[in-house]
Structures are given as C-alpha cells and as structure tokens.
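Colleague: Show me the folded form of this:
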Amino acid sequence: MSHAMPKPATYVQTATERVHMGKAAADALLEEAEELDAKRVFMLVSRSLKQDTDEIEKIIKSLGSRFACAYDGMPAHGPRGAVLEATAAARDAKADLIVSVGGGSVTDAAKVMTLCLKHNLKTHEDMEPFHMFVNEDGAVINPDFEGPNVRAICVPTTLSGGEFNTLSGATDERIKLKQGYETRLMAPIAIVLDPAITRHTPEWLWLSTGVRALDHALETLGSLQSNYFCDSMAESALKLLSEGLQRVKTDPNDLDGRLKCQIGAWQSMIPVIAGVPMGISHATGHALGGTFNVPHGYTSCVMAPFALAFNEVANGERQRRISAALGQPQEAAHTVTDHLIRGLGMPRSLEEVGVKEADLPQLADAIMQDIWARTNPRQIDKAEQVVEFLKTAL
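Modeller: Numbering: from 1, shown residues only. Below is the predicted model of the structure:
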C-alpha cells in the first residue's frame, strides 16, 4: 500500500506573549503594567467609550500613577496624520507602554505608533520607507527595519482580529491608500479579551465583524493550501462563532456568548497568520472597502456564501467540513452560511451595501489587483470571470 507524504507546513509564532480571556480590562491592564514595570502608560481609546461610558475611567483609576495620557478620536482606517499626532502625544508623555481600547482602527493605529516611536517618525515623509508596497514586477516588498521596543497591549471591542496579527494598516490620506506595516515586534505583547467591555459596541458592528472572523475560517477550510492544524483551528472557530453570535443576537448581555465570539475570532486568525491564503471573498472585501467604502464586516456578510457557491466545483469535498462544523452536515455550505448570516440580520447582497451592476467592472478590476484573487481555490485568470461571480451577489 502506498501512502502520500503529508504536506509540509511551518507555523511561526508571533511576539504576543499573553492573552487574557474573560478578565476585566482594568484588572488585566494593571497586572500587565506591573509585570512590564511600565510607569508611563499611554492609552489610545475609542471616543465613544471615553465619552459615553465609564470604562476608560475605570482603567485609568486602576492604573493610578502609572497612567500618563489618553488620546481618543482615531478616525476609521487610521489616517497617517492622526497616527502621527497620537505618536507625538505619546512621545511628549514619555510613554513606555501603549494600550489600545477600541475597534480595528484603534488597534492598528496603536501598533503603528510603536513603530513611529522607535524610529522617531514625525512626518508623512518619515513614514514612506517603512510601508509595504508592490514593485514593478508585481511582488510585495516588505521593508526590513528594527522592531519597536515600546510595546503595545490591545483590548479589542470588535471581532476583526487584527490584534493577533503582526501586520497593521495606516491610510495615507493624501492619496487615499491604506498601506501595510509589518515587523514581528509590532504584534502586541499582550491582548485582553474582556467580554463585558464589548457590550457598548453597536450590534451591527459586533455581528458583522464576527462574520468577518467567520469568513477567515470559511476560506481556510475552503483553501487547497491549508493543513491539519489550521483546518482544526478553523473548525473550532466556526463552532464558537456561530453559537456565540446567535447567542449575543438573542441576548446582548450574554457575556459567555461574547467570550466565545472573541476566542473564535482569535482561532480564525491563526491560519491567516500561519500563511494559509484567503480567496475571492476576502479579495472582494478588500476592494469593496477600499473602492466603495463598505464596512469590512459587511463585505463578508454579503460575499462569503456566494464565494462558497462559486468555489464548490473546486473544493466541494472540503466544504463538507464547513457544513459539519456549523451543525448541518447534509446542507450545502453556502446554504448554511446564508441562513446564519440572514438570521443575524446582516446584509446579503451587493445592492444592499450600495453597489450596482454598473459598478461591477470597476470592482472586478480592483479585485484582480488583490493577491488573494490569485489564491482562490477555483482559478481566476481575468476580470470577466470576476464580473460573472459578482453578478450572483447582486
């Protein structure tokens, strides 16, 4: 009997050392500040949390004399100007630890701030040598530079999962382009998953970013380049997220359901960090966000089931694992995910998020420039194929 050799794979650990699960943010952050001997803690926080709740005040009170300064109001997608302004405030405060409390833009900005502090970046021009770019040959170039020594701790309030990644984005508002920055020590040294603080997150944002996390797992299990470890992470993520999101939809005060969502989002990111490529759903999501300003969570709500249906001819056997993980092994994966997303009250068509049929050629061209269009399980060679796919989502 002949046996096929297993597919080799390597998982590289990030520089995150601790993840606190279910612990109050104020308690976990004091514990971390003491562990790291941080005496000048700079906080980058959601404006709505600071103005409309007492959550930030509770953290400041807990930190006591270790608290240095707080900056709120980071705009969506982390514009460079705001990142540089926040960095200047942290520099003036002599910050020795950056703490973010908020959604994806706040998380990303805090991570980029650690880079700005390390290299004393003060202007747009200073940031130019550090961001990733695509060269004339189409290769993605990631500049090599020394990582931060002032580290970040992230307290996420959505389910996007960026806190688990070394990669962060900041937008050059002059050219309206979001750019990536990546080095190992930009990953936060610790992450705090506090379900109680997420009760203030708007329902649509919590549920839609949860579907975004679900989509990481869907495209992992759909990928022909995954492995046993990543498949197992994705299956667990699907189970936790599907249960948790439905529980929180029913009862927003279900803290155990919220924590299941948070851990599911974490597990969904592990394959992405491990190098499992995503596919057409994520490629479309990037283009919908960048070109049509559709919230990232909504992009997966719309596209994930259509992507599964499109890819079924190429990975139908692997999609059976998706249906099983979502508790309906006899149903097609695209049908199960469609029912789940509709049950959460999320949009399920391009028209619902403002994209018309006349927009499809422009959207398809943007998708073809995304690296994950080329790693889709069903081969995509030209924009015309993408337009036909997008028509199914109208």
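Colleague: Endpoint to endpoint, stretch 222-230 covers what distance?
Modeller: End-to-end distance of stretch 222-230 (C-alpha to C-alpha, to the nearest Å): 11 Å.
Colleague: Next, the buried residues of that stretch.
Modeller: The neighbour-count check on stretch 222-230 (16 or more other C-beta atoms under 10 Å) flags 222-223, 226-227, 230 as buried. Where C-beta positions appear, they are placed from N, C-alpha and C, glycine not excepted.
Colleague: From the chain's centroid, how far away is that stretch?
Modeller: 19 Å (C-alpha atoms, centre = their mean, to the nearest Å).
Colleague: If you average the pLDDT over that stretch, what comes out?
Modeller: The average pLDDT within stretch 222-230 is 95.
Colleague: now swap in stretch 300-319 and tell me
Modeller: 97.
Colleague: Alpha carbons of it, in CSV - could you do that?
Modeller: Output of stretch 300-319 as CSV, limited to C-alpha atoms (Å, rounded to 0.1, in the frame of the first residue of the first chain):
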residue,chain,number,x,y,z
SER,A,300,-18.1,39.2,4.3
CYS,A,301,-21.8,39.2,5.2
VAL,A,302,-22.5,39.8,1.5
MET,A,303,-19.8,37.8,-0.2
ALA,A,304,-19.0,34.7,1.9
PRO,A,305,-21.9,32.5,0.8
PHE,A,306,-21.6,33.5,-2.8
ALA,A,307,-17.8,32.7,-2.7
LEU,A,308,-18.6,29.2,-1.3
ALA,A,309,-21.1,28.6,-4.1
PHE,A,310,-18.6,29.8,-6.7
ASN,A,311,-15.8,27.6,-5.4
GLU,A,312,-17.9,24.5,-4.8
VAL,A,313,-16.8,22.9,-8.1
ALA,A,314,-13.2,23.1,-6.9
ASN,A,315,-13.4,22.3,-3.2
GLY,A,316,-16.7,20.8,-2.6
GLU,A,317,-15.3,17.9,-0.5
ARG,A,318,-13.5,20.4,1.8
GLN,A,319,-16.7,22.4,2.1
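Colleague: What residues sit buried inside that stretch?
Modeller: 300-312, 314-315, 318-319.
Colleague: check contacts around the closest residue in space to Leu255 that isn't next to it in sequence.
Modeller: Of all residues not flanking Leu255 in the chain, Pro195 sits nearest, at 4.5 Å (C-beta to C-beta, 6 or more residues apart in numbering). Neighbouring residues of Pro195 by C-beta atoms under 8 Å, 6 or more residues apart in numbering: 22, 255-256, 258-259, 262.
Colleague: Regarding the chain, what is its longest helix?
Modeller: In the chain, with assignment by DSSP state H, the single longest helix is helix 296-325.
Colleague: downstream neighbour of that helix in the secondary structure list?
Modeller: helix 333-343 (DSSP states H and E).
Colleague: Skip ahead from that next one and say which helix or strand is next.
Modeller: Counting by DSSP H and E, what follows helix 333-343 is helix 360-368.
Colleague: which regions of the stretch 51-200 of the chain sit below the pLDDT cut-off?
Modeller: 134, 138-139 (pLDDT under 70).
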